[in-house]
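Novice: With the input below, show me the fold.
(one chain, ligands or ions: 1)
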Amino acid sequence: MRNPNRNYDVIIVGAGAAGCLFSRNLALAGYSVCLVEKRDRNKLSHDWWDAVEKSIFDKVSITYPEDDELWKGGECIIQSPLNLLQVKLDPFPYHEQLDRRKFNLRLLREAIDAGVEFFDKTMVRGPLIEDESDTIIGIHIQDLDPISANLVVDCSGYEGIIRSHIPFKTNFDKKIRREDTMLTYREMREKKPSGSYPDEIIITSKNKGISAAHFNQDKYAEFFGAHADLSSIKVTPKEMAYELLEKYEDKCGKEILKGGYETPVPFRRALDSFVANGLMIIGDAACQTNTRTGEGVASSLYAAMIASNAAIRAFENESIKKEDLWQYNVEYHRSKLNQVFSSSDIVGKILFTLSEEEVEYILTNDIMDIRDYFKSIEGTEKLTVEIIKKEKYRPKISVRSKILAHLATLADLPSKEEEMQKLCREYPEEYNPDTFNIWREKMNNCYIVRYDLDK
Ligand SMILES: Cc1cc2nc3c(=O)[nH]c(=O)nc-3n(C[C@H](O)[C@H](O)[C@H](O)COP(=O)(O)OP(=O)(O)OC[C@H]3O[C@@H](n4cnc5c(N)ncnc54)[C@H](O)[C@@H]3O)c2cc1C
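Specialist: Numbering: from 1, shown residues only. Now for the predicted structure:
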């Protein structure tokens with residue numbers, strides 16, 4: 001097997017959506033690029049379809065998916081946790097259902113065609129550090145000598161293999177906390193052709209998570225379960241999915257055809273910084289996921305585009321320090337997308353603390369519009385602040401029932417969300433430790449419920 005060279009301009013760890021797009025862009029700009037991936041090239045990404053915003057392909061200059069990369073969408077029914085409310089949603093007009101593996105392979109081919117050297121089945125162990133300057137100068141690889149580069153890019157997904165092994169102090173959290181993690185389980189079985197059932201049923205806020213059954217594809221029935229990684233939750237995501245599976249057992253075959261495994265996804269606002277000396281972090285590794293839905297393909301691609309532009313500018317200026325890469329932080333944090341994802345994190349953290357009865361109350365009394373909450377960000381442009389209907393809960397808070405007293409936390413929500421969106425827009429223009437720390441503290445203060453979710 002061919003081994004990587006000893007030195008590159010850029011090394012990218014992880015050939016998911018973020019890693020492939022970033023690699024392609026840097027190779028197209030003429031830099032020597034090495035992309036390393038622990039899996040076999042034919043087993044990249046998930047072997048299933050995911051909802052991805054249509055507008056992203058143009059935004060990041062990727063050809064729109066061909067028919068064979070697309071799956072069917074359908075209408076869906078959202079059900080409240082105690083099933084007092086069922087709301088029908090039309091097929092999301094702003095999303096495509098994208099074949100993740102085919103799409104990922106196409107992105108990889110484009111990167112290789114642009115000149116990227118790709119090494120699959122290559123397990124990265126962590127960063128190579130120049131101690132005196134707190135600078136990342138390469139990577140350690142299992143069973144091979146380390147390789148070095150002027151810039152290392154961590155696109156390794158949830159685990160963040162570089163991020164989580166940095167020995168020096170950084171401006172970002174190196175570990176993702178349990179309560180900021182959503183555990184997911186998804187499996188697809190053969191769909192029996194007969195029967196009448198909705199295309200898609202999503203049960204929200206059950207077990208501080210979500211479970212769903214989907215029947216909108218011709219051949220597959222899909223079952224999904226996910227919940228926040230809190231020790232107080234006694235069911236597994238698989239058990240949540242199987243509760244629905246049992247209900248529809250006669251509609252599907254016995255064998256698991258796709259999926260069938262548990263995966264953690266980040267469920268928190270993006271890291272406060274994505275850069276260190278000689279390092280950029282992109283995609284799930286940087287927690288750039290949608291905090292309402294867990295979607296992360298479009299935002300990872302968007303971040304990869306901004307990051308690649310910032311990296312090229314830093315190379316042109318011949319300096320790859322944190323300060324030189326900072327523009328990536330500024331552009332992503334100030335974006336509308338990040339404003340929505342960040343402020344929704346406050347809502348998510350509150351929802352985790354509420355009982356199923358309390359969520360039921362919010363939804364059945366139309367305090368929060370469930371349709372708007374689940375619609376595409378791109379489609380509605382609505383922030384949660386606009387969805388929460390203040391006039392609906394304010395008068396009722398005077399009623400001294402236990403539920404309503406607890407729901408009083410919601411009264412602070414709109415102002416906290418607005419504050420957080422404003423802070424995103426005011427992300428420090430340049431790196432300065434004092435200004436940055438003040439900004440970070442203000443962000444943390446926006447949380448109404450914070451860091452003690454599992455006590
Ligand atoms: C059940 C489920 C459903 C989802 N549904 C949607 C959806 O509908 N829409 C949506 O947009 N998103 C969805 N997502 C989220 C989406 O999958 C991620 O946000 C997206 O894949 C992030 O892309 P990425 O490139 O950052 O990371 P990844 O796609 O995770 O890629 C990381 C790559 O790094 C490699 N790697 C990791 N560690 C190492 C190492 N040590 N050495 C070398 N390589 C390494 C991995 O093998 C992988 O190929 C879903 C996720 C799950 C789990």
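Novice: Show me the shaky parts of this structure.
Specialist: Under the criterion pLDDT under 70, the flagged ranges of the chain are 1, 194-195, 197, 372-409, 449-455.
Novice: and with 50 instead?
Specialist: 376-377, 379-381, 387, 390-400, 450-455 (pLDDT under 50).
Novice: Pull up the residues of it that are close to the ligand.
Specialist: 13-19, 36-39, 44-45, 50-52, 123-124, 155-157, 159, 161, 184, 186, 263, 265, 283-285, 289, 294-298, 300 (C-beta under 6 Å from any ligand atom). C-beta here means a position set from N, CA and C on the backbone, and glycine is covered the same way.
Novice: Just give the nearest non-adjacent residue to Tyr328, would you?
Specialist: Ala310 (3.9 Å; C-beta to C-beta, 6 or more residues apart in numbering).
Novice: Ok, Glu53 next?
Specialist: Closest residue to Glu53 apart from its sequence neighbours, by C-beta to C-beta, 6+ apart: Ala298 at 4.4 Å.
Novice: How about Asp134?
Specialist: In space, Asp134 is closest to Phe168, 4.3 Å off (C-beta to C-beta, 6+ apart).
Novice: Could you check how far the one you found is from Asp218?
Specialist: From Phe168 over to Asp218 the distance is 53 Å, taken as C-beta to C-beta, to the nearest Å.
Novice: neighbour count winner among the two?
Specialist: A direct count of neighbours by other C-beta atoms under 10 Å for Phe168 and Asp218 places Phe168 higher, at 13 against 9.
Novice: ok, back up a step: quick one: neighbours of the residue nearest to Tyr328, just the number.
Specialist: 22.
Novice: how about the helices of the stretch 101-250 of the chain, start to end?
Specialist: Using DSSP state H, counting those that start in this stretch, the helices of the stretch 101-250 of the chain run over residues 237-247.
Novice: Quick check: the residue of it nearest the ligand.
Specialist: Gly157 (2.7 Å; C-beta to the nearest ligand atom).
Novice: my guess is that residue contacts Gly16, does it?
Specialist: Yes: checked against C-beta atoms under 8 Å, the pair Gly157 and Gly16 is within contact range at 6.0 Å.
Novice: Return every residue with contacts to both of those two.
Specialist: Common neighbours of Gly157 and Gly16, counting by C-beta atoms under 8 Å, 6 or more residues apart in numbering, are Gly283, Asp284.
Novice: Look at the residue nearest to Glu53 and give its secondary structure.
Specialist: Using DSSP: H, G, I helix; E, B strand; the rest coil, the structure places Ala298 in helix.
Novice: ok, now which ones touch it?
Specialist: If you count contacts by C-beta under 8 Å, 6+ apart, Ala298 has them with Val52, Glu53, Ile56.
Novice: Make TSV from the residues you listed and add neighbour count to it.
Specialist: TSV is the format used below for the contacts of Ala298 (neighbours: other C-beta atoms under 10 Å):
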residue	neighbour count
Val52	23
Glu53	24
Ile56	20
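Novice: what about Asn444, how many neighbours?
Specialist: Other residues close to Asn444 by other C-beta under 10 Å number 11.
Novice: the inter-axis angle of the longest strand belonging to the chain versus helix 237-247?
Specialist: Looking across the chain with DSSP state E, the single longest strand is strand 252-266. Relative orientation of strand 252-266 versus helix 237-247 (axes from the mean of the first three to the mean of the last three C-alpha atoms, to 10 degrees): 150 degrees.
Novice: What sits closest to the most centrally placed residue in the chain if chain neighbours are left out?
Specialist: The residue lying closest to the centre of the chain (C-alpha atoms, centre = their mean) is Thr289, at 2.3 Å. Spatially, and ignoring its direct neighbours in sequence, Thr289 is nearest to Gly296 (3.9 Å; C-beta to C-beta, 6+ apart).
Novice: which residues touch that neighbour?
Specialist: Counting by C-beta under 8 Å, 6+ apart, Gly296 has contacts Val265, Pro266, Gly283, Asp284, Gln288, Thr289, Asn290.
Novice: now Ala310
Specialist: Met280, Leu325, Trp326, Gln327, Tyr328, Glu331.
Novice: filter these to the buried ones?
Specialist: Neighbour counting by 16 or more other C-beta atoms under 10 Å classes Met280, Leu325, Trp326, Gln327, Tyr328, Glu331 among these as buried.
Novice: Looking at those, which is nearest Ile203?
Specialist: Nearest to Ile203 among the buried ones among the contacts of Ala310: Glu331, at 37.0 Å, using C-beta to C-beta.
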